[in-house]
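Q: need a structure here:
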Amino acid sequence: MKIKLLIEYDGTKYSGWQKQKTQPSIQETIEIAIKTIFANLCEITLHGAGRTDAGVHALGQVAHFEISDQAIINKWKHNLKKLPLAINANMLDSGICILAAEEVSDSFHARFAAIMRHYQYLILNRSADSPLYNKRVWNIHSKLDEKIMNTAAQFLIGHHNFNAFRSSQFSASNPHRTISDIKVYRKDDIITIEVSAKSFLHNQVRIIVGTLKEIGLGKKEPEYVKLLLQNRERIHAGPTAPPYGLYFTKVEY
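A: This is a model prediction of the structure:
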């Protein structure tokens, strides 16, 4: 029996989604809660749609796990609506919440079956910090021009070599990715950057945000993004934006 979970979490105190040997992770915290519910009668391995980094949040992370123990299957097969409540009860004050659970086909895979992933990045653009948004947004005090940022962002849409927009510490064999949509807009003091693609390189969204920030401050022209795509050198792109402004919002299958 394969079960799909919809998950929301505050990534502030975690090393990221993926299980670590010495630091707490989102994956391991949920696995322990599920095993507790099942009285440790079976091993649980949770497979997530995206391996978010330390400090990154999620509004719509998706994961799945499998159960082979027939007694557990018989107990929960027709009670899956109650499973999120049971898991959450074993993760109180964790900053993690299971929003929904459903049975899926054996062919489903949270990571490999995904056809689109959506992220958003939040910037608080005002002179004063906010205690309410602490570790939830990137606070930039200088005035940003979100319209110019949006103009620059449009050059990123399509299939490109994004070597300039990925972490130099993690080198995927293929730097090519396809961004299907990206937009930048403001509501009051919050600037939102939304990015959609089937898959992303490590730190790709955060480096895009850091580059757009430089353009929004007037340090670079919008067309500079085109040069980065052509030159493919990470050193010329903007800084990597802090993780706490990034949210994994949705997965499409």
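Q: all strands of the stretch 51-200 of the chain, in order?
A: 57-66, 96-104, 116-125, 138-140, 158-161, 176-187, 190-197 (DSSP state E, counting those that start in this stretch).
Q: Ok, which of these comes nearest Leu227?
A: strand 158-161 (12.4 Å; Cβ to Cβ). Glycine gets a C-beta too; all of them are placed from N, C-alpha and C.
Q: Now find how far off-centre the closest one is within its chain.
A: In terms of Cα atoms, centre = their mean, to the nearest Å, the centre of strand 158-161 is found 20 Å from the chain centre.
Q: which parts of it are buried?
A: Going by neighbour count (16 or more other Cβ atoms under 10 Å), the buried part of strand 158-161 is His160.
Q: Would you give the sheet partners of it, along with the direction of each?
A: When pairs are called by DSSP bridges, strand 158-161 turns out to pair with strand 176-187 (antiparallel).
Q: Tabulate the strands of the stretch 51-200 of the chain in JSON lines, adding columns for distance to Pro131.
A: Formatted as JSON lines, the strands of the stretch 51-200 of the chain follow (distance: least, Cβ to Cβ, whole Å):
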{"stretch": "strand 57-66", "distance to Pro131": "17"}
{"stretch": "strand 96-104", "distance to Pro131": "23"}
{"stretch": "strand 116-125", "distance to Pro131": "11"}
{"stretch": "strand 138-140", "distance to Pro131": "11"}
{"stretch": "strand 158-161", "distance to Pro131": "39"}
{"stretch": "strand 176-187", "distance to Pro131": "20"}
{"stretch": "strand 190-197", "distance to Pro131": "15"}
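Q: could the ones you listed go into CSV alongside distance to Ser167 and mean pLDDT?
A: Output for the strands of the stretch 51-200 of the chain, formatted as CSV (distance: least, Cβ to Cβ, whole Å; pLDDT from 0 to 100):
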stretch, distance to Ser167, mean pLDDT
strand 57-66, 19, 98
strand 96-104, 25, 97
strand 116-125, 15, 98
strand 138-140, 18, 97
strand 158-161, 15, 98
strand 176-187, 14, 98
strand 190-197, 16, 98
